[in-house]
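J.: Here is my input, please return the structure:
(one chain, ligands or ions: 1)
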Amino acid sequence: MDAQGIENARELLSRAGAVLVLTGAGISADSGLATFRGADGLWRNYRAQELATPEAFAEDPRLVWEWYGMRREAAASCEPNAAHLALARLAVERNGITIVTQNVDGLHTRAAEQVAAEHPTAAEGQIASTDGDTGARLPLELHGCLFRVRCTQCGERYGHREPIDSGSVATLPTCRSCSSMLRPDIVWFGEPLGEAIEIAFSMAQEADLCLVVGTSAVVQPAASIATVVRQAGGSIVEVNPEPTPLTSLAAVSLRGGAAEVVPSLVS
Ligand code: OAD
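T.: You can find the predicted model right below:
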């Protein structure tokens, strides 16, 4: 590991008041989940246009639910790793830490729940729940969550963890209120990101540090969160085995896996 880089990053972290943590699929790679663009990435084996767009769902809801049901099962069978847990502990131990994720796997939430069980009072507010003032979910899940659904008719959203029976359209899950077809509460390509991104951008304006973990930083607008922090005078620390478009803007780039690097950075 890059000892000097870790030291520099720790120094930036200790001086920062407000810290925005931006994570992507790479943080969950160490829990065993596939990323999107790596050698075995999901977008190497599946076509986003056929699975992750409103048009795809309208065309073949069974196929789309089959894919999300499979991903839900994969995520449910994984555990938060040392990086998720270290970040959850950081958020409990220090004020001013906000976790913003592009991931839909729910692992930040599960890490927060585990840490909440260790610190029953301190963790309040950092567990995934609806924030009273903003309606935002903490951690901020920019692209939605595999374990939530949204009604295609009445729009109700709620947690849903049951296995998906995608054998036929008739067996797909239906709304608990109006019995219409449910869809995954995921932001698909071509859809707006909702208020979570607005909250993230307004926090980016105030952040002293953006800690970017495990994202290729090629999907907008999420990738711009780090750029906004930089433009507003804050610093970027990046954790990723590979360089990304943010590397040249980062004060420190730590090359390595999240589960190894992040705990040494934040503990
Ligand atoms: P990507 O698959 O694009 O990038 C994953 C990043 O994680 C890469 O930069 C890898 O180098 C890095 N990585 C791999 N293993 C790692 C490890 N052990 N520790 C740390 N980093 C590691 O995933 P995202 O950037 O999250 O959107 O992709 C962004 C969005 O594109 C996703 O949210 C998804 C996708 O299309 C939607 O589905 C809407």
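J.: Hmm, Leu209 is touching Ser14, no?
T.: No: here Leu209 lies out of contact with Ser14, judged by CB atoms under 8 Å, at a distance of 10.0 Å. To be clear about C-beta, it is placed using only N, CA and C from the backbone, and glycine gets the same treatment.
J.: the more surrounded of those two?
T.: Leu209 (24 against 9; other CB atoms under 10 Å).
J.: Now do the same for the residue nearest to Phe189 when sequence neighbours are not counted: its pLDDT.
T.: Spatial nearest neighbour of Phe189, chain neighbours left out: Thr53 (5.0 Å); criterion: CB to CB, 6 or more residues apart in numbering. Looking at Thr53, its pLDDT reads 95.
J.: how much space between Thr53 and Glu191?
T.: 8 Å (CB to CB, to the nearest Å).
J.: which of these two has more neighbours?
T.: Thr53 (17 against 13).
J.: for the more buried one, what are its contacts?
T.: Trp188, Phe189, Gly190 (CB atoms under 8 Å, 6 or more residues apart in numbering).
J.: Just among these, which is most surrounded?
T.: The most neighbours of any of the contacts of Thr53, using other CB under 10 Å, belong to Trp188, which has 18 neighbours.
J.: Hmm, Ala58 and that one touching each other?
T.: No: the pair Trp188 / Ala58 is not scored as a contact, 10.9 Å apart, by CB under 8 Å.
J.: picking up where we left off before, now list whatever residues contact both of Leu209 and Ser14.
T.: What both Leu209 and Ser14 touch, as defined by CB under 8 Å, 6+ apart, is an empty set.
J.: Tell me, how many residues neighbour the spatially closest residue to Leu51 that is not a sequence neighbour?
T.: Leaving aside its chain neighbours, Leu51 sits nearest to Trp67 (4.8 Å; criterion: CB to CB, 6+ apart). The number of residues packed around Trp67, counting by other CB under 10 Å, is 19.
J.: Pro184 pairs with what?
T.: Counting by DSSP bridges, Pro184 forms beta bridges with Val149.
J.: Could you report the separation of it from the ligand?
T.: 11 Å (CB to the nearest ligand atom, to the nearest Å).
J.: hang on, isn't that residue packed against Leu146?
T.: Yes: counting by CB under 8 Å, Pro184 touches Leu146, with 6.7 Å between them.
J.: So for those two, which residues contact both of them?
T.: Tyr68.
J.: Neighbour count: the two, which is higher?
T.: Remark: of Pro184 and Leu146, Pro184 carries more neighbours, 26 against 23, as counted by other CB under 10 Å.
J.: Relative to His143, how far out is the more buried one?
T.: 11 Å.
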